[in-house]
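>>> Have a look; sequence and predicted model below, questions after that.
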Amino acid sequence: MFSVKMRTALIVLLTAAAAGSASHAAPAQDVSGIWWANSYSMQIRPADGSALPFTPAGAEAYRKNVAGLKDGSVVDAARKVCVPDGVPRILATPYPFQIFQSPGFTTIVYEQNHVFRTVPMDRPVPTDEELVAYPFYSGNSFGHWEGDTLVVMTKGFNEKTFIDASGIPHSDQLHVTERIRKINAKTLEDTATIEDPAMFTKPWTARFTYELHPEVRIETAYICGEKHRDISRVKGVVP
């Protein structure tokens, strides 16, 4: 039989052990894993079905891009010379990607064009003026958690990418705010709000969903323009 002191000591030890196990458990805020869309469209449009809210300048730039992509006078560099697709276009990728979470950073690795997005989680979002000297294809991303949702603000883009494969334009004033969360154990949702006062009269939001594929390995041998992974399983992909 245990004495009162021994029972008390045992309870303390068991409580400490349970706390230690909990501290090493998977975090509740967890969106890590290998994810893959089950559908693809070259067009990114508002999730509510509304028309794109172009400014006159935006509508004209889109018209020129569509015509230029058709006759070859405008080059889609992401497909010709394999530069990053930019955000939000990369969110529509028909290839798998992997999210890694570590203290202070979330990293998203896309198989398509070997794009890496590093998202610091421990610093404030800089002002637009502070990012003027750092215009990147994928912009500059900064994240934080709101409950079970990873919120990623991205800005500081160059003007060398399109919003989507159809040629929707953007300026260097583009801001993209993603809200990334699991809607069940095997499905990830990313709702992206696009703001660009030079091209759009108001913000608009697109929605993307992905399935968890732990059996898949991201292919490091992806080479743009060469034969690579079969993506015919993805609805909307044209062979």
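Thanks, I have the structure now. Numbers count the residues shown, from 1 in each chain.
>>> what ranges do the helices span in the protein?
4-23, 56-71, 77-80 (DSSP state H).
>>> Any idea which residue is closest to the centre of this structure?
residue 91 (5.2 Å; Cα atoms, centre = their mean).
>>> so what's it closest to, chain neighbours aside?
Nearest residue to residue 91, sequence neighbours excluded (Cβ to Cβ, 6 or more residues apart in numbering): residue 208, at 4.9 Å. Bear in mind the C-beta positions are built from the backbone N, C-alpha and C, glycine included.
>>> before we move on, the earlier item: compare the helices of the chain and say which comes out lowest on pLDDT.
Note on these: helix 4-23 shows the lowest mean pLDDT, a mean of 38.
>>> if I look at the residue nearest to the centre of the chain, how far off is residue 230?
Computed as Cβ to Cβ, to the nearest Å, the residue 91 to residue 230 distance reads 21 Å.
>>> Just to check, the residue nearest to the centre of the chain is in contact with residue 193?
No: assessed by Cβ atoms under 8 Å, residue 91 is found out of contact with residue 193, at 11.8 Å.
>>> got any residues that touch both of those two?
residue 178 (Cβ atoms under 8 Å, 6 or more residues apart in numbering).
>>> What residues are bridge-paired with residue 182?
Counting by DSSP bridges, residue 182 forms beta bridges with residue 188.
>>> residue contacts, it?
30, 31, 148, 188, 189.
>>> Among the residues you listed, which one lies nearest to residue 77?
Taking Cβ to Cβ as the measure, residue 77 lies nearest residue 188 of these, at 28.1 Å.
>>> Report pLDDT for the closest one.
For residue 188, pLDDT reads 98.
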